[in-house]
Every structure is written in structure tokens, then in C-alpha cells.
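Participant: Sequence isn't available, so here's the structure alone:
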């Protein structure tokens, strides 16, 4: 049995390893990654699934974005399940958990880039994404959305852009003060 829980700091290394296993280095080239770069996942919407032995079995995160001007939404992804746990319903359980948590937190819509036949069973379609575009290259037919509140994507158009909290990075001055200044190496 797997348990789906809020992601913790202890999950980060396992999640990154799982994403490397499932998607390889190409995951950093995806258009969706441009919307996640330097950002934190939406508050309370990053989940890990752990197998009976405690190892990382799956992961999913949601990110704050705008679906064009004045249209707040979430971007789902990446969703990954370890090969040992595939075909057991864990991906579906992660999706239902993430969407339920997003709805419970009052979010109105979720976007993703993925396979319509798979994500369609969770209500995703291209019905509300025809006037939206993403930064970089992506397959238009794979840009999907689902409304958690009726009308949340009505009239959505324009560039999907990140709106979530940024990752806190120390400034150059802070790094210099901590390190004691520049050092010369031979």
C-alpha cells in the first residue's frame, strides 16, 4: 500500500531521483519547466507517495500561474510514478488527491501539458485552452485544462505565466559575507 502525503524537505532528493528516472535530462527542456523555474509549488499542493518500505513511489506538484490576464490557475506537473508502482492506479490516485486538494483550497482551474486520453478521465480537455499559449515549444494538442469552479477558464487567453512565490536565493552580497569574500585558488 502507498501513502500520499504532503511533500517534505526529506522528499526532495527522492523526488529529483524519481523525475530523473522517469523523464531524464529532457525534463529541463520542457516548456512547463519555464513556468516552474525559480518558483515554489503552490502552498500545500506538492505531494509524494511512499511505498510500504518508505521509498518514493510517486510525486505530483501544482504551481501558481495565470491563464492569461486576470485568470489565476494552477499548472500540474510533473506527475511521475516509479516503474515498480505503475499499472497499480498510483498515478490516478495522485491526480485525484492533487485535484481534490486544489479544489479544497479554493482554486478554480488546473492546466497541464499531457496526453488527452490519460488526463481526460480526470476532466481535462483542450476546450478552454485554445486561446492560451506557453513560453517555448510545446505541442498545442497536449495543452489541457479542467475547471474546478464553473467558468474559471471562461475567456482565458494569452500567455500562461508564473505567479507563484519565488525560491529564496541569497544575494551576491549575502554569499560574500557568509564566505568571507573572494578567494583566490591556484
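Facilitator: Right, received. Where do you want to start? Worth saying up front: this structure is predicted, and the values here are computed from it rather than measured. Residues are numbered from 1 along each chain as shown.

Participant: starting at the chain centroid, how far to the lengthiest strand in the chain?
Facilitator: The longest strand of the chain (DSSP state E) is strand 56-67. Relative to its parent chain, strand 56-67 has a centroid offset of 2 Å by CA atoms, centre = their mean, to the nearest Å.

Participant: center of this structure, which residue is that?
Facilitator: residue 77 (3.1 Å; CA atoms, centre = their mean).

Participant: For residue 44, see how far away it is.
Facilitator: Distance of residue 77 to residue 44, computed by CB to CB, to the nearest Å: 17 Å. For every residue, glycine as well, the C-beta is placed using N, CA and C.

Participant: Residue ranges in the protein under the pLDDT threshold?
Facilitator: 171-172, 174-176, 178-186 (pLDDT under 70).

Participant: at 80 what do you get?
Facilitator: Within the chain, the stretches with pLDDT under 80 are 1, 169-186.

Participant: how about the helices of it, start to end?
Facilitator: 12-23, 31-36, 90-104, 116-119, 172-179 (DSSP state H).

Participant: circling back to that earlier point, settle this for me: the residue nearest to the centre of the chain is touching residue 119, isn't it.
Facilitator: No - because the distance of 10.6 Å does not satisfy CB atoms under 8 Å, residue 77 is recorded as not touching residue 119.

Participant: what do these two both touch?
Facilitator: Counting by CB atoms under 8 Å, 6 or more residues apart in numbering, the residues touching both residue 77 and residue 119 are residue 112.

Participant: Nearest to residue 55 among the helices of the chain would be which one?
Facilitator: helix 12-23 (7.0 Å; CB to CB).

Participant: Run the chain-centre distance for stretch 125-143.
Facilitator: 16 Å.

Participant: Stretch 119-134 now?
Facilitator: 16 Å.

Participant: what does stretch 155-168 give?
Facilitator: 12 Å.

Participant: and residue 85, what does it touch?
Facilitator: 2, 49, 51, 57-58.

Participant: What is the nearest of these to residue 19?
Facilitator: residue 58 (10.8 Å).

Participant: Is it correct that that closest one is in contact with residue 18?
Facilitator: Yes - counting by CB under 8 Å, residue 58 touches residue 18, with 7.5 Å between them.

Participant: what touches both of those two?
Facilitator: 80, 82.

Participant: quick one, which of the two is more surrounded?
Facilitator: residue 58 (26 against 23; other CB atoms under 10 Å).

Participant: tell me the contacts of that one?
Facilitator: 2, 4, 18, 48-49, 79-82, 85, 90-91, 94.

Participant: What's the PyMOL line that selects buried ones from these?
Facilitator: Here is the PyMOL command that selects only those of the contacts of residue 58 that count as buried (16 or more other CB atoms under 10 Å):
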select buried, resi 2+4+18+48+49+79+80+81+82+85+90+91+94
